[in-house]
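Participant: Dropping a prediction and its sequence here:
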Amino acid sequence: MAPMSIDPADIARKPDRARTGSGILLALCLAGPVWAQGGWVPAPEREQALVRMVRQDCGSCHGMQLTGGLGPALTPQALAETPRESIAATIYHGRPGTPMPPWKAMLSEPESDWIAQRLQTGFPPEAKRNQ
Ligand code: HEC
């Protein structure tokens with residue numbers, strides 16, 4: 001094939017490809033991960049949603065202060081000896097045969113890892129709502 005030859009099928013595909021490209025870009029801007037010094041962190045709005053989820057959904061079993069309930073405490077002291085990857089895996093996959101459910105339908109793996117890291121360093125409080 002000559003280097004400059006143009007495949008009509010290629011031209012026909014181009015608009016599609018451009019659309020997909022900007023769609024991905026848009027998705028990255030809206031919900032995408034932010035790479036910051038020291039590791040992956042969620043975008044600010046997603047971070048608030050994750051904090052709310054841990055405080056409320058996880059809190060329903062692990063206690064509103066995460067100091068334990070049906071599930072064990074998720075405080076930095078309680079998790080000090082547990083490798084972060086193992087905490088993240090428990091969150092993502094759950095513990096089959098126990099009430100600890102998997103969260104992979106709600107969370108990405110980096111988000112599970114971020115929650116694990118934040119639990120080990122002291123989980124932030126929910127942002128106060130102004131209204
Ligand atoms: C329906 C109740 C329930 C909910 C909701 C729940 N957990 Fe659990 N979780 C448990 C139970 C029970 C265990 C203990 C499992 C076992 O016996 O090994 C557990 C274990 C864990 C562990 C392992 C702790 C350790 O010391 O090894 C982590 C980490 C954890 N949960 C995090 C979370 C997070 C984060 C959420 C929310 C995204 C969550 N859990 C939601 C019940 C729950």
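Facilitator: Everything's here; your move. These figures come from a predicted structure and were not determined experimentally.
Participant: All the helices of the protein, in order from the start?
Facilitator: Counting by DSSP state H, the chain has helices at residues 8-31, 44-53, 59-62, 84-93, 109-121.
Participant: is any part of the shortest one close to the ligand?
Facilitator: When you say that, I think you mean helix 59-62. Yes. On the criterion Cβ under 6 Å from any ligand atom, helix 59-62 is in touch with the ligand at Ser60, Cys61, His62. In this view, the C-beta of every residue, glycine as well, is placed from N, C-alpha and C.
Participant: contacting residues around the closest residue to the first one other than its chain neighbours?
Facilitator: Of all residues beyond its chain neighbours, the one nearest Ser60 is Gly69 (7.7 Å), with distances taken as Cβ to Cβ, 6 or more residues apart in numbering. The contact partners of Gly69, by Cβ atoms under 8 Å, 6 or more residues apart in numbering, come to Ser60, Cys61, His62, Gly63.
Participant: what about Arg95, neighbour count?
Facilitator: Arg95 is flanked by 13 other residues according to other Cβ atoms under 10 Å.
Participant: give me phi/psi at it?
Facilitator: Note on Arg95: its backbone torsions stand at phi -120, psi 100 [degrees, to the nearest 10].
Participant: Tell me how far it lies from Val54.
Facilitator: 17 Å (Cβ to Cβ, to the nearest Å).
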